[in-house]
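after the sequence you'll find the predicted model.
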Amino acid sequence: MHIVRRPIAHLTASLVVLIALAGCATVVRYTYDARAALPSGVESNIGYEAMDRHFSPSSTIPQYIYIHSPHDLRNPQALADLEQMAQRVSQLPGIAMVRGITRPKGEPLEEAKLSYQAGEVGGKLSDASQQIAGANGDLDALTAGSRKLADALAAITGQVNQAIAVINGLAGEVARVQNQVDASETLKQIQQLAASLRSNAGTLEEVLNMAGPVLAGLNASPVCNTDPACAAARDQLQLLVNARNSGAFDQIADVARQLQATPDVQNLIGTLQAMRASLNQAVQTIQSLGLGSPGGLRQQLAELQQGANALADGSQRVADGVQALTEQTKQMGRGLSDAAAFLLSMKLNASKPGMSGFYIPPEAMNDARFKDLASMFVSPDGHAVRYLVQSKLDPFSTAAFDQDTAIADAAHSAQPNTSLADASIAMAGTTPTYAQMRDYYNHDIRFIIVVTIVVVLFILIMLLRAVVAPLYLVASVVVSYLSALGVGVIAFQLIGGRPLGWSVPGMAFIVLVAVGADYNMLLVSRIRDESPTASAPVSSAPSARPAA
C-alpha cells in the first residue's frame, strides 16, 4: 500500500540503487581459467602450483607465432626478416621473451649480430697490425740490407770498370805487338812495346785477381739472375777469368819477357820467330776462349761494363723500392690498427638489437648446432617456423587475449617488402585459443541479447496489446540484469578478490531476461485481469506502472 501511495518516490529510490549496482558492472573482470572453478586441493591444481613456483605461467602454458611460407625459409634473407618480426613482437608491452630459430635464448644470436662479426674482423685486423708492428725491426733490417747490397754492387761496378780499362789497354798492346812483329820494326820499338806489354800484363794480373770476388758477388746476386744485361756481363767476365786460369795471359807475359830478354840485334830474327810462334799460340788461345779479335774483345768488355752499370742502377732501384715498401707496410699496419679499433668499438658500442643488425651466413646452415636448433623451431621442409612468445600477463586473462591481437598485428606489420610478404601468420596455443573463444562468445552473446530482447518485446506487445508497458517491462529486466552483474562484481571481485567466470554474463541474461520475462508477463496479465478497465488495452500501461 505504501508503494501504491508513493510510486514515484519508490521508483526513484529503486532506480538509484539499481543504477548504482549496474555501475559496478562496468568494472567487471572475467577469467577464462577453468582451474579456478576447481578446489585448490585437486591434483591438477596442486601440480600447476608446483610448476608456478619454479616456472612462469607463460612458459608452462605457451603460445606460438606460426609462420608458413610457400618457399624455404632457411636462408640468410628470410632469417633476417624473421628476426626483424621477432624483434618487433618483443618490444610490445608485457612481453617477457620471444624465442625461436634466430633467438633461442630470447635474445638475437650473438654470432649473427653484424656488430659481433665486425668485432671478429677487427680482432683479426688487430692481430695483423700487431704482427706488422712486431716485424718493424725485420723491415728495417731488410731496408738496410738492400741498401748495403746496392752499395756493394756499386763498388763492384767500379772494380769492373777499372778491370775493363786495363783489359782494353792490354788488348791494344797485344794488337800493337802483333803488328810490330809482322812488320819487322826496329828493336827499340819492340823493346818499348815489350816493356809496355809486360807492365800491362802485370796490371792485368792484379785486376784479374780482383775479378774473382767480383764474379763471386755477381753469381750470388739474385738481382743479376733476373737482369739479362747483368747476366751477359757476368758471362763475359767469366771468360776473362777462364782465360787467366788457362794461362793465355801468362803466355802474353812470356812474350814480353822474351822481348826484354833479347841480347842483341844478331839474335833478333830467331827471337822474333820464337816470339811470333808464342804470340800466335797466345792469339789462338784467346780466340779459342771466345774473346775474338781485339775489336770484338773491346765490344764484349763494353757490354760487360754496361751490364755492371745496369746492375748497380738496378740494385739502387731495388733498395729504393724496398725502402718504399717498408714505409707502405708500416703505414698499412697503422691503417689496420685504426680499422681494428673502429670495428672493435662497433662491437662494444653497437651491440644493442636496434644497432647490431642480423646476418647468418649460408655456410652456417650446415652447422650441426644450427640443425639441432632448427629441429625445434623449423619444419623439416623449411616452409614453417614457430616462435615461442612468453608473456608477463596471466595467460587466462582478457589482457593476455588483447595482447595476442597486438602480437599478431606486430607480426603482420613486419611482412611488407620482405621475404615473408607471401607468408601466412597465425597465433597458436592456449591463450590464443581462449582469445578466439572469447571473441566467438562475445559475438554470440550479443546476438542472443538482441534477439532475446526483440522476441520478448514482441511477445509482450502481442500479449498485452500495448507498447509502453512492454517497453517498461523489458527495460526493467535489462536494469535488473545489469544490477545482478554489479552484485556479482561486488561480492566476488571486490570482496572476494576473484574475477567472474566468463560464462556468468550469458547465464545471468538467460535466467533474468529470457526466463524472468515469463513471470513479468504473468504479473502483467494478472494486473490487467484485476484492473477495472481491463477491456481497454491502451489503458493497461498506466495500470501496470503503479504495480511495478
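Sure, I can see it.

tell me how many other residues surround H54.
Applying other Cβ atoms under 10 Å, we find 8 residues neighbouring H54. The C-beta positions use only the backbone N, C-alpha and C, and glycine is treated the same way.

revised request: answer the last question for A22.
20.

distance of it relative to Q63?
35 Å (Cβ to Cβ, to the nearest Å).

and M427, which of the three is it?
strand (DSSP: H, G, I helix; E, B strand; the rest coil).

am I right that it is in contact with I67?
No. Using Cβ atoms under 8 Å, M427 makes no contact with I67, being 10.9 Å away.

compare those two (neighbour count), which wins?
I67 (24 against 19).

buried ones in the helix or strand harbouring the more buried one?
Per DSSP states H and E, I67 falls inside strand 63-68. Of all the residues in strand 63-68, those buried under the rule 16 or more other Cβ atoms under 10 Å are Q63, Y64, I65, Y66, I67.

bridge partners for the fourth one, pull those for me.
So that's Y66. On the basis of DSSP bridges, Y66 is bridged to R386, A426.

what's it in contact with, if anything?
Residues counted as contacts of Y66 (Cβ atoms under 8 Å, 6 or more residues apart in numbering) are A384, V385, R386, I425, A426, M427, A428.

number of residues surrounding the last one?
As a burial measure, the neighbour count of A428 was computed by other Cβ under 10 Å and equals 13.

isn't it up against Y64?
Yes. The pair A428 / Y64 is scored as a contact, 4.7 Å apart, by Cβ under 8 Å.

tell me, what's touching these two both at once?
Common neighbours of A428 and Y64 (Cβ under 8 Å, 6+ apart) are R386.

tell me who's in contact with S40.
Contacts of S40 by Cβ under 8 Å, 6+ apart are I46, E49.

could you list the low-pLDDT ranges of the stretch 251-400 of the chain?
For the stretch 251-400 of the chain, applying pLDDT under 70 flags the ranges 251-253, 255-359.

could I get the buried residue list for stretch 412-424?
So for stretch 412-424, counting by 16+ other Cβ under 10 Å, buried means A414, Q415, T418, S419, L420, A423.

also stretch 383-396?
383-391, 393-396.

I figured I461 hits L473, correct?
No. Counting by Cβ under 8 Å, I461 does not reach L473; the two are 10.1 Å apart.

just confirm Q63 contacts D404, I think it does.
Yes. Q63 is within contact range of D404, at 7.0 Å (criterion: Cβ under 8 Å).

intersection of neighbour lists for these two?
In contact with both Q63 and D404: M427, T431, P432, using Cβ under 8 Å, 6+ apart.

nearest to I46 among these?
Lowest distance from I46 to those (Cβ to Cβ) belongs to T431, with 22.5 Å.

what's the domain layout of the protein?
Domains of the chain are assigned by automatic domain parsing as 2-31+465-547, 65-113+352-429, 136-331.

now tabulate the buried residues of strand 63-68 in CSV and tack on pLDDT and distance to R35.
Shown next, in CSV, are the buried residues of strand 63-68 (pLDDT from 0 to 100; distance: Cβ to Cβ, whole Å):
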residue, pLDDT, distance to R35
Q63, 91, 17
Y64, 94, 21
I65, 94, 25
Y66, 95, 26
I67, 95, 31
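
how about Q415, secondary structure?
Relying on three-state DSSP, one would call Q415 coil.

now swap in the one 5 residues further on and tell me
Classification of L420 using three-state DSSP returns coil.

if I look at it, how far off is H383?
12 Å.

neighbour-wise, which of I461 and L473 wins?
L473 (22 against 15).

how many neighbouring residues does V467 have?
Neighbours of V467 using other Cβ under 10 Å come to 13.

ok, it touching I461?
Yes. The criterion here is Cβ under 8 Å, and V467 meets it with I461 at 6.2 Å.

tell me the buried residues in stretch 438-447?
Buried residues in stretch 438-447 (16+ other Cβ under 10 Å): R438, Y441.

quick one: mean pLDDT for it?
Mean pLDDT, stretch 438-447: 90.

okay, that stretch in CSV with CA atoms only?
The C-alpha trace of stretch 438-447 is given here as CSV (Å, rounded to 0.1, in the frame of the first residue of the first chain):
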residue,chain,number,x,y,z
ARG,A,438,36.1,-15.1,-26.1
ASP,A,439,35.6,-13.4,-29.5
TYR,A,440,33.1,-16.0,-30.7
TYR,A,441,31.4,-16.0,-27.3
ASN,A,442,31.1,-12.2,-27.2
HIS,A,443,29.7,-12.3,-30.7
ASP,A,444,27.2,-15.0,-29.8
ILE,A,445,26.1,-13.3,-26.6
ARG,A,446,25.5,-10.0,-28.3
PHE,A,447,23.4,-11.8,-30.9
